[in-house]
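[1] Provide a 3D model corresponding to the input given below.
(one chain, ligands or ions: 2)
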Amino acid sequence: MTATIIDGKALAQTIKEELHERIAHLNSKGITPALTVILVGDDPASAVYVRNKHNTFTQLGLKSDVLHLPADITQEALLNKIKELNQDPLLHGILVQLPLPSHIDSHTVIDTIAPEKDVDGFHISNAGALMIGHPRFIPCTPYGVMKMLATQQVPLRGAEAVVVGASNIVGKPMALLLQKEGATVTICNSKTKDLAAHTKRADILVVATGRPEMVTGDMIKPGAVVIDVGINRGEDGKLKGDVEFSSAVKVAGAITPVPGGVGPMTITMLLVNTIEAAERQL
Ligand SMILES: Nc1nc(=O)c2c([nH]1)NC[C@@H]1CN(c3ccc(C(=O)N[C@@H](CCC(=O)O)C(=O)O)cc3)C=[N+]21
Ligand SMILES: [Mg+2]
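    Ligands and ions are numbered 1, 2, ... in the order given. Model (predicted):
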């Protein structure tokens, strides 16, 4: 038995094709959805993601700007730049690429973005909206995972879901979205005792730890749906997930690959959120 491979790249393509109509409608009203990505410093991995986002946006006819700021920019100067962008009526989305240099407090930065332009869904008011079950902008990675589960028709009501990783960007919003659909959700973290005892109970296992190949086949319930959010670049330049694919694929019922799984869906949901931000102007 070998698992179904959940093709994130193909699903991303399908969703993008469905967006053409919405983009054309906005265009007919004189609106071009526009995103500005702020990149601070010159982390090579961040530069790759920012380039991927920019290319995806321009391919669909959306406006995309990258604002590249020096690593030693003061927090005040960065906040002022965001406040300026908040005021621009032709701009619908603002994304500050994370991580930021250590002299900058990322919470302060994110909460300076106008919530209605926070297409990452990281602002405290967007996080709160999701928490109470009335989401405004849903963070792109967990949003993309929910689309993958829906397309695979994975039953969520009453399912045992285990999320490994408790970040504000992935783990916590992922857990809330699964819970909203009626799953029983366990959130594990780096201090969890006997992680395998939890993961082995999961019908749906989402792994977002940033630790390469830490979940292995023996930690997976036979037939489970395994979602690998990890993107770790090895010394050989190859991408590795947080799940050891070679052993997991023999046990799981369905699994996302890395690359070509969650990553392309993240970018697609950023498109969706930016288009939605623009549609609020209609
Ligand atoms: N404010 C903010 N929002 C983010 O959404 C955000 C961020 N900061 N910081 C970094 C992470 C990472 N991230 C990825 C997006 C797409 C791929 C992606 O497209 N991956 C491809 C391949 C990428 C490759 O080849 O390097 C794949 O998995 O198939 C990966 C990673 C968004 N992030
Ligand atoms: Mg995101």
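
[2] who's in contact with whichever residue of the chain sits closest to ligand 2?
    Nearest residue of the chain to ligand 2 (CB to the ion) works out as Cys140 at 3.4 Å. Where C-beta positions appear, they are placed from N, C-alpha and C, glycine not excepted. Taking CB atoms under 8 Å, 6 or more residues apart in numbering, we find Cys140 in contact with 119-121, 265-267, 269-270, 273.

[3] top of those by neighbour count?
    When neighbours are counted by other CB atoms under 10 Å, Val119 leads those with 28 neighbours.

[4] closest residue of the chain to ligand 1?
    Nearest to ligand 1, among the residues of the chain, is Gly263, at 2.2 Å (CB to the nearest ligand atom).

[5] coming back round to it: for ligand 2, tell me which of the contacts of Cys140 show up nearby.
    With CB under 5 Å from the ion as the criterion, these include Asp120 near ligand 2.

[6] turn the contacts of Cys140 into JSON lines, including secondary structure and pLDDT.
    Output for the contacts of Cys140, formatted as JSON lines (DSSP: H, G, I helix; E, B strand; the rest coil; pLDDT from 0 to 100):
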{"residue": "Val119", "secondary structure": "coil", "pLDDT": "98"}
{"residue": "Asp120", "secondary structure": "coil", "pLDDT": "98"}
{"residue": "Gly121", "secondary structure": "coil", "pLDDT": "98"}
{"residue": "Met265", "secondary structure": "helix", "pLDDT": "98"}
{"residue": "Thr266", "secondary structure": "helix", "pLDDT": "98"}
{"residue": "Ile267", "secondary structure": "helix", "pLDDT": "97"}
{"residue": "Met269", "secondary structure": "helix", "pLDDT": "98"}
{"residue": "Leu270", "secondary structure": "helix", "pLDDT": "98"}
{"residue": "Asn273", "secondary structure": "helix", "pLDDT": "98"}
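
[7] what's the nearest residue to Leu282 if we skip its chain neighbours?
    Excluding the flanking residues, the one nearest Leu282 by CB to CB, 6 or more residues apart in numbering is Lys29, at 6.2 Å.

[8] let's verify Pro135: helix, strand, or coil?
    Here Pro135 is coil, with the state taken from DSSP: H, G, I helix; E, B strand; the rest coil.

[9] which residue sits closest to it, ignoring its sequence neighbours?
    Ala129 (5.5 Å).

[10] count of neighbours near the one you found?
    17.

[11] you'd agree it is up against Arg136?
    Yes - at 4.6 Å, Ala129 and Arg136 qualify as touching, with contact defined as CB atoms under 8 Å.

[12] all helices of the stretch 1-150 of the chain, in order?
    Per DSSP state H, counting those that start in this stretch, the stretch 1-150 of the chain carries helices over the ranges 8-28, 44-59, 75-86, 106-110, 124-131, 140-151.

[13] and these, which one is worst for confidence?
    Sorting these by mean pLDDT places helix 44-59 lowest, at a mean of 94.

[14] do any residues in it lie close to ligand 1?
    Yes - Helix 44-59 lies within reach of ligand 1 by CB under 6 Å from any ligand atom, at 48-49, 52.

[15] most surrounded residue in those?
    That'd be Tyr49 among the residues of helix 44-59 next to ligand 1, by other CB under 10 Å, with 17 neighbours.

[16] excluding sequence neighbours, find me the nearest residue to that one.
    Tyr49 sits nearest to Gln97 (CB to CB, 6+ apart), 7.0 Å away.

[17] name the element Pro264 belongs to?
    Here Pro264, judged by DSSP states H and E, is contained in helix 262-279.

[18] just give me the neighbour total for the residue lying closest to Val40 once chain neighbours are set aside.
    Leaving aside its sequence neighbours, Val40 sits nearest to Leu69 (CB to CB, 6+ apart; 4.9 Å). For Leu69, the count of nearby residues is 15 (other CB under 10 Å).

[19] hang on, isn't Leu69 packed against Asp42?
    No - contact criterion CB under 8 Å: Leu69 and Asp42 do not qualify, at 10.3 Å.

[20] cool, thanks, signing off.
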